[in-house]
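Colleague: generate coordinates for the sequence data below:
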Amino acid sequence: MVEEESKKVVELPCEPTTVAPAPMVESSVKEEKTVIPPPPPADDKCKALAVVDKTPELTQEKPSGGSQDIDIVLARVETEKRLSLLKAWEENEITKVENKMVDHVQGLQPISFTSRFIYLRHEIVALGVMAIYVDPHNGNGPRGKHCYSMWQTLFEIDTKYVPIKPIGRGAYGIVCSSVNRETNEKVAIKKIHNAFENRIDALRTLREIKLLRHLRHDNVIALNDVMMPIHRRSFKDVYLVYELMDTDLHQIIKSSQALSNDHCQYFLFQLLRGLKYLHSANILHRDLKPGNLLVNANCDLKICDFGLARTSSGKGQFMTEYVVTRWYRAPELLLCCDNYGTSIDVWSVGCIFAELLGRKPIFPGTECLNQLKLIINVLGSQSEADLEFIDNPKARKYIKTLPYSPTTPLGRLYPHANPLAIDLLQLMLIFDPTKRISVTEALQHPYMAPLYDSNSNPPAQVPIDLDIDEDLGEEMIREMMWNEMLQYHPEASSANAS
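Modeller: A predicted model of the protein is given here:
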């Protein structure tokens, strides 16, 4: 992933002292060609996308002449020979697939799709293709569990899950693709190693588990399962089971493939649709960025990573803490305003949309003050009335000391963008949060007219309470997490867990 955060702490007007969490999945692969098929025409986009064939699996793409059993062959050779053979096989596959085009979707020119081969290159670096079954307990392991080794990491998981291969590594652990043998569903298993080693990280994990148990929406990632550990009071690792997605928006943006207006429009529509659902449940995501938007080959988009999410109670008071990766952080957060709301997510959406249009971040600040300067350079110097929302006198004084800057027309920055897209972008990137467009208003903007249907965007059934005592100790966090796990495994509530 792109290195976005500097650890330098800036005093004026403010810079959170906590370090930003790493993305949920951080691939070590460089310059992959992650590409997607185009969305269909706007008149029936959602329906048509649902029938786009998935890109064939790796086993279907392997070259003829006995290579269907390549994994069996590789298992019999030494690591050095395995690496050499894999490199040769990958070169053959990449050459072939880069020229392969996905079927046309209602007459639109398709875009080649090779993202599955990101995993090949990733695995070559790791000197391993697949998850390897191991038996560290010599046949005396816990009942209902089996173990696999991936990237020198042990996965002790429920026997109904069969790991395939590792697909990403982040600060919190490793993610692997897997198959639920009971349902034949492909899933992503995220292992959080030593989940309680850092109390703040443990709280974020607990918060995400609590939240995703209540959320059900097409544009929000689904948490299918949280595996029950063997020992209630001493477990250290946590295994989360999500629906499997192909890639994320960051990988798509940094690829060399062209993105049409239809792509940008459809991605934005889904992001706004999912965000409207969250806001209707009184949830602020607080960390929206391209890396937290998962995408499938058929252009489906889902919001993920809810570790920083909070309830918007209407009281308007939050702890001064890290929220939102800097490049996507709203002015009111940069200026240390405690009284912020859903508008911070709208600003992040605007930054993401600009990045889709220009294929690079619109405000790539190096630290807090530089971030503010980049914003002012584009939006122009603000009037006294537009600064009234700033409740930090020191921050307001600093803004007034900045040299005058004229407004840079967004149409000049993105000359090939749809004029309606530029108009909506301007409304999302308004400096004063009280004047910024809301998610509902954005969905009703003329740019979204070909896609938006007010009847197809139901709100959440009930508001969700995410209030968790920030001072909880390890034992209480572990107990609360255990209780959340029981929601996925009610049969375990009567078991005698020690």
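Colleague: show me where the stretch 301-450 of the chain has its strands.
Modeller: Using DSSP state E, counting those that start in this stretch, the strands of the stretch 301-450 of the chain run over 301-303, 310-311.
Colleague: out of the ones you listed, which comes closest to D218?
Modeller: Distances from D218 to each of the strands of the stretch 301-450 of the chain were compared by CB to CB, and the smallest falls on strand 301-303, at 7.7 Å. The C-beta positions use only the backbone N, C-alpha and C, and glycine is treated the same way.
Colleague: who's in contact with the closest one?
Modeller: Outside strand 301-303, the residues within contact range by CB atoms under 8 Å, 6 or more residues apart in numbering are 218-222, 243, 245, 249, 267, 270-271, 274-275, 278, 285, 288, 292-295.
Colleague: could you rerun that using 7 Å?
Modeller: 219-221, 245, 267, 270-271, 274, 285, 292-295 (CB atoms under 7 Å, 6 or more residues apart in numbering).
Colleague: these in helices, which ones?
Modeller: Members of the contacts of strand 301-303 lying in helices (criterion: DSSP state H): 267, 270-271, 274.
Colleague: any regions of the stretch 1-150 of the chain where pLDDT drops low?
Modeller: Applying pLDDT under 70 to the stretch 1-150 of the chain flags residues 1-129.
Colleague: can you rerun that using 80?
Modeller: Low-confidence segments of the stretch 1-150 of the chain, defined by pLDDT under 80, are located at 1-131, 135-141.
Colleague: per-residue confidence at the residue at minimal distance from the centre of the chain?
Modeller: Nearest to the geometric centre of the chain sits N292, at 1.8 Å (CA atoms, centre = their mean). You'll see N292 listed with a pLDDT of 95.
Colleague: nearest spatial neighbour of it, skipping sequence neighbours?
Modeller: With CB to CB, 6 or more residues apart in numbering as the criterion, N292 has its nearest non-adjacent residue at 4.3 Å, and that residue is D305.
Colleague: residues near the one you found, how many?
Modeller: Taking other CB atoms under 10 Å as the neighbour definition, D305 ends up with a count of 23.
Colleague: now it: how far from G170?
Modeller: Counting by CB to CB, to the nearest Å, the separation of D305 from G170 is 10 Å.
Colleague: before we move on, what about E441?
Modeller: Shown here: E441 relative to G170, a distance of 34 Å by CB to CB.
Colleague: looking at these two, which is more packed in?
Modeller: With other CB under 10 Å as the criterion, E441 and G170 differ in neighbour count, and G170 comes out ahead with 19 against 14.
Colleague: for the closest residue to N296 other than its chain neighbours, what are phi and psi?
Modeller: Take N296 and drop its neighbours on the chain: the residue closest to it by CB to CB, 6+ apart is D246, 5.0 Å away. Comment: the main-chain dihedrals of D246 come out as phi -80, psi -40, following degrees, to the nearest 10.
Colleague: and the residue lying closest to G473 once chain neighbours are set aside, how many residues sit next to it?
Modeller: Counting by CB to CB, 6+ apart, R199 is the residue found nearest to G473 once chain neighbours are left out, at 7.6 Å. Residue crowding around R199 was assessed by other CB under 10 Å; the count is 14.
Colleague: what does V179 give?
Modeller: What V179 shows, counting by other CB under 10 Å, is a neighbour count of 16.
Colleague: tell me which element it falls in.
Modeller: For V179, the host element (DSSP states H and E) is strand 173-180.
Colleague: just the angle for the following helix or strand past that strand relative to strand 173-180, thanks.
Modeller: Following strand 173-180 in sequence order, the next helix or strand is strand 185-192 (DSSP H and E). When axes from the mean of the first three to the mean of the last three CA atoms, to 10 degrees is applied, the directions of strand 185-192 and strand 173-180 differ by 150 degrees.
Colleague: need the contact partners of strand 185-192.
Modeller: The list of residues contacting strand 185-192 from outside it, by CB under 7 Å, 6+ apart, reads 153, 155, 157, 161, 163, 167, 172-180, 205, 224, 237-244.
Colleague: partner strands of that strand and their direction?
Modeller: Pairing partners of strand 185-192, with direction, according to DSSP bridges: strand 173-180 (antiparallel), strand 238-243 (antiparallel).
Colleague: rewinding a little: just the buried members of the contacts of strand 185-192?
Modeller: Among the contacts of strand 185-192, those scoring as buried are 155, 157, 161, 163, 167, 172-180, 205, 224, 237-244 (criterion: 16 or more other CB atoms under 10 Å).
Colleague: contacting residues around N418?
Modeller: 261, 447.
Colleague: phi first, then psi, for it.
Modeller: On the backbone of N418 - angles per degrees, to the nearest 10 - the values are phi -60, psi 130.
Colleague: which ones are touching M150?
Modeller: 131, 163, 166, 174, 176.
Colleague: tabulate the residues you listed (TSV), appending distance to S381.
Modeller: As requested, these are arranged in TSV below (distance: CB to CB, whole Å):
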residue	distance to S381
A131	56
P163	55
P166	49
I174	47
C176	50
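Colleague: what is the nearest of the residues you listed to K397?
Modeller: Within the contacts of M150, the smallest distance to K397 is 46.8 Å, found for I174 (CB to CB).
Colleague: P136 - how many residues pack around it?
Modeller: Number of residues near P136 (other CB under 10 Å) recorded here: 10.
Colleague: where does the stretch 201-350 of the chain have low pLDDT?
Modeller: Applying pLDDT under 80 to the stretch 201-350 of the chain flags the ranges 257, 312-324, 338.
Colleague: please redo it, this time with the cut-off set to 90
Modeller: 256-258, 297, 307, 310-325, 336-339 (pLDDT under 90).
Colleague: can you give me the helices in it?
Modeller: Chain-ordered helices for the stretch 201-350 of the chain, with DSSP state H, counting those that start in this stretch as the definition, fall at 249-254, 261-280, 331-334, 343-358.
Colleague: would you convert those helices into CSV that also reports mean neighbour count and distance to V378?
Modeller: As requested, the helices of the stretch 201-350 of the chain are arranged in CSV below (neighbours: other CB atoms under 10 Å; distance: least, CB to CB, whole Å):
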stretch, mean neighbour count, distance to V378
helix 249-254, 21, 19
helix 261-280, 22, 19
helix 331-334, 26, 12
helix 343-358, 24, 9
